[in-house]
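Asker: build me a structure from this.
(chains A and B)
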Amino acid sequence: GAVVSQHPSWVICKSGTSVKIECRSLDFQATTMFWYRQFPKQSLMLMATSNEGSKATYEQGVEKDKFLINHASLTLSTLTVTSAHPEDSSFYICSAPPDGGTNEKLFFGSGTQLSVL
Amino acid sequence: GDSVTQMEGPVTLSEEAFLTINCTYTATGYPSLFWYVQYPGEGLQLLLKATKADDKGSNKGFEATYRKETTSFHLEKGSVQVSDSAVYFCALSAEASGNTPLVFGKGTRLSVIA
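Answerer: Just a heads-up that it's a prediction; the model follows:
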């Protein structure tokens, strides 16, 4: 079946460094990908919608200069947390719907646990 | 805006116990409702869904009924197994298109002990 590969699964970094998270659809094309974030005991919150070949659409309150999204191909979107700080520590997960699919066909990565020291 | 409220976890049950995880929603119109499951180290997987009032979604012994009058979509299973240990997410989608992001609840961690 369709698979979305997300890595790394977890990362620990020092404050001030940048971290890149990759989300790759392995056997289908995805013009659109979604990036979510989950803080402990909170909901999965949509951060941004990544669009291949164009700028990402960010949700209110999400800093686009801090969370850089690049959707350079139909199978790969990356989220870069720039100058990470401890408050960015969270669980990040991507979702990729196959092009032309319905809301029943949303495939998720396994998530990335980011810890900023 | 749309929202999903899900019972807090964690939930710990003995094998063969009955499971209920409550989920209520707030939305304009008539959303589609979903339960996703995340097993350790894996991505979220669709467990079941319902697209209109009174629909019952079912899969792997789990069931949930779309109740418009109570805006609920509670997940139930009559007899849980150790392999059901996972995090369960209730979610809604306002549109049928796959290009519409889901709105999630907080997730409920279920641990089933032998």
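Asker: from now on I want contacts and neighbour counts done on CA atoms only, so please keep to that.
Answerer: Fine.
Asker: burial measure for residue 74, as a count.
Answerer: I went with chain A, as the question did not name one. 19 (other Cα atoms under 10 Å in any protein chain shown).
Asker: ah, I was thinking of chain B
Answerer: 19.
Asker: and what of B:A94?
Answerer: B:A94 is flanked by 18 other residues according to other Cα under 10 Å.
Asker: report the contact partners of it.
Answerer: The contact partners of B:A94, by Cα atoms under 8 Å, 6 or more residues apart in numbering or on different chains, come to B:A27, B:T28, B:G29, B:Y30, B:P31, B:S32, B:T100, B:L102.
Asker: ok, now B:L102?
Answerer: Counting by Cα under 8 Å, 6+ apart, B:L102 makes contact with B:A91, B:L92, B:S93, B:A94.
Asker: got the contacts of B:A94 as JSON lines, with pLDDT, secondary structure and distance to B:Y39 columns?
Answerer: Below are the contacts of B:A94 laid out as JSON lines (pLDDT from 0 to 100; DSSP: H, G, I helix; E, B strand; the rest coil; distance: Cα to Cα, whole Å):
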{"residue": "B:A27", "pLDDT": "92", "secondary structure": "coil", "distance to B:Y39": "28"}
{"residue": "B:T28", "pLDDT": "84", "secondary structure": "coil", "distance to B:Y39": "31"}
{"residue": "B:G29", "pLDDT": "81", "secondary structure": "coil", "distance to B:Y39": "32"}
{"residue": "B:Y30", "pLDDT": "86", "secondary structure": "coil", "distance to B:Y39": "29"}
{"residue": "B:P31", "pLDDT": "92", "secondary structure": "coil", "distance to B:Y39": "26"}
{"residue": "B:S32", "pLDDT": "92", "secondary structure": "strand", "distance to B:Y39": "23"}
{"residue": "B:T100", "pLDDT": "82", "secondary structure": "coil", "distance to B:Y39": "24"}
{"residue": "B:L102", "pLDDT": "90", "secondary structure": "coil", "distance to B:Y39": "19"}
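Asker: would you turn those residues into a markdown table with distance to A:S54?
Answerer: Formatted as a markdown table, those follow (distance: Cα to Cα, whole Å):
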| residue | distance to A:S54 |
| --- | --- |
| B:A27 | 30 |
| B:T28 | 30 |
| B:G29 | 30 |
| B:Y30 | 31 |
| B:P31 | 28 |
| B:S32 | 29 |
| B:T100 | 17 |
| B:L102 | 21 |
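Asker: leaving out the residues flanking it, which one is nearest to A:L79?
Answerer: A:I69 (4.7 Å; Cα to Cα, 6 or more residues apart in numbering or on different chains).
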